[in-house]
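Novice: Show me the folded form of this:
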Amino acid sequence: MGKIGLPELLVILAIIIVIFGANRLPGLGKGIGSAIRNFKDGMKDETAEHKS
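Specialist: Residues are numbered from 1 along each chain as shown. From the prediction side, this is the model:
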């Protein structure tokens, strides 16, 4: 398995646009960002509990 380059990322982006449509992408990105943020916050809380 090699690194993912620009051409591969463009193909993946094109597939995502076809599947979800251009109008739904901002909401999808916001949802993914929120999920990642919540996951990171949960990991911080978990590590803080174990240190106490």
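Novice: Could I get the full set of helices for this protein?
Specialist: For the chain, the helices defined by DSSP state H cover 6-20, 25-51.
Novice: now the first one, how far from the chain's geometric center?
Specialist: In other words, helix 6-20. Its chain's C-alpha centre and that of helix 6-20 lie 14 Å apart, by CA atoms, centre = their mean, to the nearest Å.
Novice: Show me what that helix is in contact with.
Specialist: Here helix 6-20 makes contact (CB atoms under 8 Å, 6 or more residues apart in numbering) with Leu25, Leu28. Where C-beta positions appear, they are placed from N, C-alpha and C, glycine not excepted.
Novice: can you tell me how far Val11 sits from Arg24?
Specialist: Plainly put, Val11 is 19 Å away from Arg24 if you go by CB to CB, to the nearest Å.
Novice: quick one: which of the helices of the chain has the weakest pLDDT on average?
Specialist: Of all the helices of the chain, the minimum mean pLDDT falls on helix 25-51 (a mean of 86).
Novice: Which strands or helices does that helix pack on?
Specialist: Packed against helix 25-51 by the contact rule (3 or more CB pairs under 8 Å, 6 or more residues apart in numbering; DSSP states H and E) you find helix 6-20.
Novice: Around Arg24, how many other residues sit close by?
Specialist: By other CB atoms under 10 Å, the residues close to Arg24 number 13.
Novice: Distance of it relative to Val18?
Specialist: From Arg24 across to Val18, the span is 12 Å (CB to CB).
Novice: so what's Phe39 up against?
Specialist: Residues counted as contacts of Phe39 (CB under 8 Å, 6+ apart): none.
Novice: how close does it get to Glu46?
Specialist: 10 Å.
Novice: and if you look at Val18?
Specialist: 38 Å.
Novice: and Phe5, backbone torsions?
Specialist: For residue 5 the amino acid is Gly, not Phe. phi -100, psi -180 (degrees, to the nearest 10).
Novice: my bad, Ile4
Specialist: Dihedral angles (degrees, to the nearest 10) for Ile4: phi -90, psi 120.
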